[in-house]
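1. Give the three-dimensional model of this entry:
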Amino acid sequence: MRQSGSSLKGKKLFHKRGRCPDGSPNPIDVYVGQRIRLRRLLMGITQERLAHLLGITFQQIQKYERGMNRIGASRIWDISKVLKVDINFFFEDMPQTVAEQSPRNFSCDKDVLSGIDNEQLKTPLDNTNESQELLRNYYKIRDKKVAAHIFKLIKSLSGKSKN
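-> Have a look, this model is predicted:
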């Protein structure tokens, strides 16, 4: 039997659809939505175009990107294929404070939601044109060995030189 609500005999119960007890979107859903938006912008794809490629409305894309609607496994799979990333991309670099807000834990508070806009997400979004240009030029490099060296250089400069 599925239960929802805030408490029964002192036990925490799961709120409907994985939201926080106060009804706000789960921080993990917000984070995944931000990663979708980031990748979409880096590829130069509009919400309308992404929606068309997925066979849904652009309003649904807006809701996904804000974390208002949760994304099912088959839909996240489709999104990863359209955006040409591994499905892990949507969860990479997730701050621990966000990861701890899994619906199974439901110890959500508003302070965590404000921590989602970390520098890793803000920088590419603030410099969208520069990021898009960098990515497009990277893909134009014909010599794959040179591209690999540039990738390693950028990775080491960013402090993410671990495999």
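2. Alpha carbons of the top helix by length along the chain, in CSV - could you do that?
-> The residue-count maximum for a helix in the chain (DSSP state H) belongs to helix 27-43. Presented in CSV, the C-alpha positions along helix 27-43 are these (Å, rounded to 0.1, in the frame of the first residue of the first chain):
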residue,chain,number,x,y,z
PRO,A,27,16.6,18.8,-5.5
ILE,A,28,17.8,15.8,-7.6
ASP,A,29,15.1,16.4,-10.1
VAL,A,30,16.1,20.1,-10.3
TYR,A,31,19.7,19.2,-10.7
VAL,A,32,18.9,16.7,-13.5
GLY,A,33,16.8,19.4,-15.2
GLN,A,34,19.6,21.9,-15.0
ARG,A,35,22.0,19.4,-16.6
ILE,A,36,19.4,18.8,-19.5
ARG,A,37,19.2,22.6,-20.0
LEU,A,38,23.0,22.9,-19.9
ARG,A,39,23.5,20.2,-22.6
ARG,A,40,20.7,21.6,-24.7
LEU,A,41,22.2,25.1,-24.6
LEU,A,42,25.7,23.8,-25.4
MET,A,43,24.3,22.0,-28.4
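3. helices or strands up against the following helix or strand past that helix?
-> Heading C-terminal from helix 27-43, the first helix or strand you meet, by DSSP states H and E, is helix 47-54. With contacts defined as 3 or more Cβ pairs under 8 Å, 6 or more residues apart in numbering; DSSP states H and E, the packing partners of helix 47-54 are helix 58-66, helix 73-82. (Glycine included, C-beta is placed from N, CA and C.)
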